[in-house]
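1. requesting a structural model of the entry that follows:
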Amino acid sequence: MSELSDIEIYNKQDARDHLVFIRKPIEGLKTVDVGRLLSEWLRQQDLNSHFLQMEVNDQLDEILSQEYERDDIGDYLVITNIGILFEPTLQVNTRALLERHSDRKLIIVLSDGVVDKEGCKYYFLSPNDSFSIDLNGLSYYSCN
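-> Have a look, this model is predicted:
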């Protein structure tokens, strides 16, 4: 079976969240470069604003509100270049962001990150770094 077929089967499950982690692009799926879009937006902002964290979250909600549709997997969004979500100065609650958007559509994270199924964590770089997302309680599928 192909990754897309596996994702289709996963997405048809009755679950609160629909979150998928992949390491290689899947032909035919459009992607959204979160890092580029948020960086471009940040260049136009006052980085000393007391409201920056709230404004960043609003901008991320706008970016992740995009969606595409396919007959096989339904509404989806593939996000790439997600390192900016782990930038400590932005204080993004990446788990809450993904949880909030994966209940309405399939969110596919395209990244070299590592999913530790036993520990229920997604590591942005490797299990040795501090950049991770706790996946406990989330419905997710990993193609790693």
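2. how distant is stretch 74-94 from the center of its chain?
-> Stretch 74-94 sits 5 Å away from the centroid of its parent chain (CA atoms, centre = their mean, to the nearest Å).
3. swap that for stretch 37-48, sorry
-> Distance of stretch 37-48 from the chain centroid (CA atoms, centre = their mean) equals 20 Å.
4. kindly report the same for stretch 131-144.
-> Mean-position distance between stretch 131-144 and its chain equals 10 Å (CA atoms, centre = their mean).
5. list the buried residues of it.
-> Buried residues in stretch 131-144, defined by neighbour count with 16 or more other CB atoms under 10 Å: Phe131, Ser132, Ile133, Leu135, Leu138, Ser139, Tyr140, Tyr141, Ser142, Cys143. Placement of C-beta: from N, CA and C, glycine included.
6. which one of those is nearest to Glu3?
-> Using CB to CB, Cys143 comes nearest to Glu3 of the buried residues of stretch 131-144, at 4.9 Å.
7. follow-up on the earlier one: need the worst-confidence member of the buried residues of stretch 131-144.
-> Of all the buried residues of stretch 131-144, Cys143 has the smallest pLDDT value, namely 83.
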